[in-house]
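Novice: fold the following, please.
(2 chains)
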Amino acid sequence: ETGVTQTPRHLVMGMTNKKSLKCEQHLGHNAMYWYKQSAKKPLELMFVYNFKEQTENNSVPSRFSPECPNSSHLFLHLHTLQPEDSALYLCASSHQRQGGTDTQYFGPGTRLTVL
Amino acid sequence: GDSVTQMEGPVTLSEEAFLTINCTYTATGYPSLFWYVQYPGEGLQLLLKATKADDKGSNKGFEATYRKETTSFHLEKGSVQVSDSAVYFCALRMDFGNEKLTFGTGTRLTIIP
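Specialist: Residues are numbered from 1 along each chain as shown, chains lettered A, B, ... in the order given. Predicted coordinates:
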């Protein structure tokens, strides 16, 4: 059973659409992450938020725009995507404390298809 | 940079067979090592981990030993079940204070009755 939920689970969008992915964690964590999982490629870390502040942006194109309004919610706003952006987008959370970071817990992902 | 290499899949085994999924890593220091599992339609779940050389992580009958000399963290299970069918990811994290995980490409495992 996961304490990280993601909506929607599946999304099909055109290249001119604007959509948002939502992630919510119920674990009391203070760090949240977006990953991209493409076929036959390693998971790619996209963004990291600690205490609602973005601490990492892994050279992600500006057509992906994250938002973290509080430590329990994370959004990924999408606009003018390309077909190669089709992938499974995974959200994760963890507890960041002084001296280290605990295990990351993942949500089920949003399967995105860009037509 | 840091990287993780896993054996290519898919791997298909009969129930009760012995499983090994190879994982080797390249890192500038001594990372913590992880195996994650992804069941169909679900997110990744931590299966086991090891934080220093010669540590053995174990869970649900799976084991992996951190081998510094061979920079490896191979996943093993003595007798697999149909319910073990999933995708398995090896990953490393360089510093305990650094939250960044580096993943391998994943190995799809299918167990047939």
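Novice: for the most centrally placed residue in chain A, what is the enclosing helix or strand?
Specialist: Nearest to the geometric centre of chain A sits A:W34, at 2.7 Å (Cα atoms, centre = their mean). Per DSSP states H and E: A:W34 is located in strand A:31-37.
Novice: measure stretch A:27-47 end to end?
Specialist: This stretch, stretch A:27-47, spans 19 Å end to end (Cα to Cα, to the nearest Å).
Novice: stretch A:107-115 now?
Specialist: 24 Å.
Novice: buried ones in that stretch, by neighbour count?
Specialist: By neighbour count on 16 or more other Cβ atoms under 10 Å in any protein chain shown, the buried set for stretch A:107-115 is A:G107, A:P108, A:G109, A:T110, A:R111, A:L112, A:V114. C-beta here means a position set from N, CA and C on the backbone, and glycine is covered the same way.
Novice: in a markdown table, list those residues along with secondary structure, pLDDT and distance to chain B.
Specialist: Supplementary listing: the buried residues of stretch A:107-115 in a markdown table, determined by DSSP: H, G, I helix; E, B strand; the rest coil; pLDDT from 0 to 100; distance: Cβ to the nearest Cβ, whole Å:
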| residue | secondary structure | pLDDT | distance to chain B |
| --- | --- | --- | --- |
| A:G107 | coil | 93 | 5 |
| A:P108 | coil | 92 | 5 |
| A:G109 | coil | 94 | 6 |
| A:T110 | strand | 96 | 10 |
| A:R111 | strand | 95 | 9 |
| A:L112 | strand | 96 | 15 |
| A:V114 | strand | 94 | 21 |
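Novice: with distance to B:L48 added, can I get the residues you listed in a markdown table?
Specialist: As requested, the buried residues of stretch A:107-115 are exported to a markdown table (distance: Cβ to Cβ, whole Å):
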| residue | distance to B:L48 |
| --- | --- |
| A:G107 | 21 |
| A:P108 | 21 |
| A:G109 | 22 |
| A:T110 | 27 |
| A:R111 | 27 |
| A:L112 | 30 |
| A:V114 | 35 |
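Novice: brilliant, that's me finished.
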